[in-house]
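Enquirer: using only what follows, build the 3D model:
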Amino acid sequence: MPDLRPATARVIDLLDGVGEQHLSAPTPMGPDVTGLLHHLTGLALAFRDAAGKVQGPTTGTPPAPVARPLPDGWRADLVGRLEELGRAWGEPSAWTGMTRAGGVDLPGEVCGLVALDEVLLHGWDLAAATGQPYAPSDAEAEAVLPIVTPPDDPERAAAERRGMFGPALPVPEGASAFERVLALAGRDPAWAPPAR
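Expert: Have a look, this model is predicted:
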């Protein structure tokens, strides 16, 4: 049962480094930083509720892009939600039985790994977009490798990964465990924002 709190704390630590000048900056996987922050806020709520086996709009609805400015107090709200997410998956009951996230029913033990994967990947997206260091542990990366590794069948891989990951990229020689996760999730580990 992985502990999500180091991953959520790592993302919380990034938030002080997000300035107004970053909000319209691109991110590695599409939306700008504002869109990414909306997504992090939504996924923290959804996976917190998935840990508690909540059946409702927060767990039954696939994530949708949000194209509006961040609300006042967004930073404190996101900190609170990430802290709640980490605590929720600290409960052994979160990892048992069935639950739901994004409208998909799945075992708690799988959902917890998906939650960890989401936090790790989107934390890296935020760090890369804002020029901040980001170093998940090898143990965290190895825990989510099964989530990002595509099945051998290309059609099945495309269907299962749609909306979650880009096409897997070649893993660079000598890559760290987390660089492997990034490449398998369709992210270029060397991505950097364009020069302004």
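
Enquirer: secondary structure element holding the closest residue to residue 113 other than its chain neighbours?
Expert: Counting by C-beta to C-beta, 6 or more residues apart in numbering, residue 113 lies nearest to residue 147, which is 5.4 Å off, once chain neighbours are set aside. To be clear about C-beta, it is placed using only N, CA and C from the backbone, and glycine gets the same treatment. Assigned by DSSP states H and E, residue 147 belongs to helix 138-148.

Enquirer: and that helix, what does it pack onto?
Expert: Applying 3 or more C-beta pairs under 8 Å, 6 or more residues apart in numbering; DSSP states H and E, one finds that helix 138-148 contacts helix 108-130, helix 177-184.

Enquirer: ok, which of those comes nearest residue 97?
Expert: Comparing the helices and strands packed on helix 138-148 by their distance to residue 97 (C-beta to C-beta), the top pick is helix 108-130, with 5.5 Å.

Enquirer: gap between the closest one and the chain center?
Expert: Relative to its parent chain, helix 108-130 has a centroid offset of 2 Å by C-alpha atoms, centre = their mean, to the nearest Å.

Enquirer: check stretch 36-56 too.
Expert: Taking C-alpha atoms, centre = their mean, one finds stretch 36-56 lying 11 Å from the centre of the chain it belongs to.

Enquirer: okay, buried residues for it please.
Expert: Neighbour counts using 16 or more other C-beta atoms under 10 Å place 36-51, 53-54 of stretch 36-56 among the buried residues.

Enquirer: kindly report the same for stretch 75-95.
Expert: Buried residues in stretch 75-95, counting neighbours by 16+ other C-beta under 10 Å, are found at 77-79, 81-86, 88-89, 94-95.

Enquirer: secondary structure element for residue 106?
Expert: Using DSSP H and E, residue 106 maps to strand 104-107.

Enquirer: buried set for that strand?
Expert: Going by 16+ other C-beta under 10 Å, strand 104-107 has these buried residues: residue 106.

Enquirer: so how many other residues sit close to the residue nearest to residue 144 when sequence neighbours are not counted?
Expert: For residue 144, ignoring the flanking residues on the chain, the nearest one in space by C-beta to C-beta, 6+ apart is residue 117 at 4.1 Å. Under the neighbour criterion other C-beta atoms under 10 Å, residue 117 is assigned a count of 23.
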